[in-house]
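>>> Could you work out the structure for the sequence below:
(2 chains)
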Amino acid sequence: MWRIPARLIYWLPIVLLLPALVPGTLFSQEHRQELVERGQYIFAIAGGCACHTVPGGTPHAGGRAFPIPLGRVYSTNLTQDRETGIGAWSDKEIYDAIVKGIRPNGQKLFPVMPYEAYSGMIETDIKALIAYLRSLRPVRKNTPELQTRIPFYRSLLIPLWLKFFGRFSTPALQTPKVGIERGRYLAEHISLCGDCHTPRNFLGVPNRSRFLAGIKVGPLGDEIPNITPDKRTGIGEWSREEIADLTLTGIKPNLDNVQGLMEEVIQGASRGYKNMTREDALAIADYLKSIQPIVNHIN
Amino acid sequence: MMKLLPSKRPRLTTLLLVASCLVFIGAVSQDSVVLRRQLMENNNSTIANSLNKAIKEKNFAEVEGNCNVILENMERVLDFFPAGSLSENSRAKPEIWAKWGEFSKHPANVRKAAQELAAAAKGRDEEAVKVKFKALGEACKGCHDSFRFPKPKVGEDFR
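As a prediction, the model looks like this:
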């Protein structure tokens, strides 16, 4: 008969307890996987961070140009490449970039990156998002340098801009789970409807009295619709189901479909609004129907 | 003044003939662009809106009627895409003619979706009508995504 040597029996409890003693155990890996999956969902409802992909280019590798007053700035490579992406950044450094707009070298990010809005994101959601970003395959691609002739743009002008016009939020302690409050949280701090649909002045300062009222010529040259519940010029006639359908599929009630940047955030380079749960899309719809209607005819 | 030699005259005639043909084709293309835009705008702003309203009001006869108009429109839509009918007033992509076989399947997809919607309306099946209406939107999107440029940026022409 097969027998276990006596010496091995003494080692058995240690072998069985090993997973609990060593970091990176089965339990923590499972927890990590769960965190990554939650982060993937946050990433999706943030429009797949579409600004970090050049249309048709390598997903999440940055390099997309955005106009700024008297210049042009390029989005960062979000992949885990240690030299050209954020692979060498610590979790704290990524956290600071997302919610404070501070790079690891202390430089300020341009507020084209919507860190003011993200500052209202709940900490557990940001941690999950960071865990997901850590899972992105490294892609070596340098981010082009800022193009401007204005000196001290990052060191002087951005801090001044933030001092006068910046509006950071204090996150709630817990993520709202349902209803208009859930919709408000998603729309204002993760999906960021206002980032495109609210008009800005020539300095890029949002006109909050015309929140979500649309823009005749958006920053990338597109017409951006009024999504306030005004019945004539906004989406006041749309049902909550129709708003949710557009968010999830890009198809309007008249069966036409959106294209351009809205389509990009719906599809995402890998994941986007299309991966949002219907409940969350309906929560955003309920929130949009609850805000102040503004008359602003776009098209 | 230089006189054309008799041997050169046929060439000039040929040139004039070719030029007038090109002008004619251009005019036909322009007409096609106008007509297809009218047809598509009619599909969106009139038929689909009316369809949507009829679904909300559970007016199934109206749903069927609107589906029939879409079926007719999709029956003839390919005629409005003669070869090379590109224009600064059109969002049509050149891929339409490069991949005509693929492009020409889309109206059939839309027709199929409209037929299924009409059948659901005929059966007065409210839930099926909603599902088939969404499927119709997906069928339209299938073509737009591949063969239509996004709306032009302000100040740019259609392409």
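>>> Which parts of the stretch 51-200 of chain A are strands?
A:65-68, A:71-74, A:147-148 (DSSP state E, counting those that start in this stretch).
>>> looking at the ones you listed, which is closest to chain B?
Closest to chain B of the strands of the stretch 51-200 of chain A, according to C-beta to the nearest C-beta: strand A:65-68, at 12.1 Å. (Each C-beta comes from the backbone N, C-alpha and C, glycine too.)
>>> Could I get the phi/psi values of A:I224?
Per-residue torsions, A:I224: phi -120, psi 120 (degrees, to the nearest 10).
>>> tally of neighbours for it?
23 (other C-beta atoms under 10 Å in any protein chain shown).
>>> for the residue of the stretch 1-150 of chain A found nearest chain B, what are its contacts?
Closest approach of the stretch 1-150 of chain A to chain B (C-beta to the nearest C-beta) occurs at A:P55, with a separation of 9.9 Å. Counting by C-beta atoms under 8 Å, 6 or more residues apart in numbering or on different chains, A:P55 makes contact with A:64, A:264.
>>> for chain A, what's the longest helix?
Ranked by residue count under DSSP state H, the longest helix found in chain A is helix A:26-45.
>>> Now residue 74. Nearest residue, chain neighbours left out?
No chain was given, so I picked chain A. Closest residue in space to A:Y74, ignoring its immediate chain neighbours: A:P144 at 4.6 Å, by C-beta to C-beta, 6 or more residues apart in numbering or on different chains.
>>> look at chain B instead
In space, and not counting its chain neighbours, B:M74 is closest to B:P107: 4.3 Å by C-beta to C-beta, 6+ apart.
>>> Okay, buried residues for the helix or strand where that neighbour lies please.
Element membership of B:P107 [criterion: DSSP states H and E] is helix B:105-122. By neighbour count with 16 or more other C-beta atoms under 10 Å in any protein chain shown, helix B:105-122 contains the buried residues B:106-107, B:109-111, B:113-118, B:120-121.
>>> still on that earlier bit, buried ones in the longest helix of chain A, by neighbour count?
Result for helix A:26-45 [16+ other C-beta under 10 Å]: buried residues A:35-36, A:38-45.
>>> Redo those residues as JSON lines? Include pLDDT.
Formatted as JSON lines, the buried residues of helix A:26-45 follow (pLDDT from 0 to 100):
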{"residue": "A:L35", "pLDDT": "95"}
{"residue": "A:V36", "pLDDT": "96"}
{"residue": "A:R38", "pLDDT": "96"}
{"residue": "A:G39", "pLDDT": "97"}
{"residue": "A:Q40", "pLDDT": "97"}
{"residue": "A:Y41", "pLDDT": "97"}
{"residue": "A:I42", "pLDDT": "97"}
{"residue": "A:F43", "pLDDT": "97"}
{"residue": "A:A44", "pLDDT": "97"}
{"residue": "A:I45", "pLDDT": "97"}
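>>> For chain B, which residues are neighbours of chain A?
B:43-45, B:48-49, B:51-52, B:56, B:134, B:136-138, B:140-141, B:144-145, B:148-151, B:153-156 (C-beta under 8 Å from any C-beta of the partner chain).
>>> Can you give me the domain boundaries for chain A?
A:28-171, A:176-299 (automatic domain parsing).
>>> any idea which of these is most buried?
The highest mean neighbour count among those, using mean count of other C-beta atoms under 10 Å in any protein chain shown, belongs to domain A:176-299: a mean of 19.
>>> Do any residues in that one lie close to chain B?
Yes. For domain A:176-299, a contact with chain B is found by C-beta under 8 Å from any C-beta, at A:216-217, A:220-223, A:239, A:245, A:249-251, A:253-257, A:259-260, A:263.
>>> re earlier: quick check: next helix or strand after the helix holding B:P107?
helix B:126-147.
>>> For that following helix, buried residues please.
B:129, B:132-144, B:147.
>>> what stretches of the stretch 101-250 of chain A score poorly on pLDDT?
Flagging of the stretch 101-250 of chain A using pLDDT under 70 yields an empty set of residue ranges.
>>> Quickly note the distance from the residue nearest to A:Y132 when sequence neighbours are not counted to A:I130.
The shortest distance from A:Y132 to any non-neighbouring residue, by C-beta to C-beta, 6+ apart, is to A:G39 (2.9 Å). A:G39 sits 7 Å away from A:I130, going by C-beta to C-beta, to the nearest Å.
>>> For the one residue in the stretch 101-250 of chain A that gets nearest to chain B, what are phi and psi?
The minimum distance from the stretch 101-250 of chain A to chain B, using C-beta to the nearest C-beta, falls at A:G221 (3.2 Å). Note on A:G221: its backbone torsions stand at phi 90, psi 0 [degrees, to the nearest 10].
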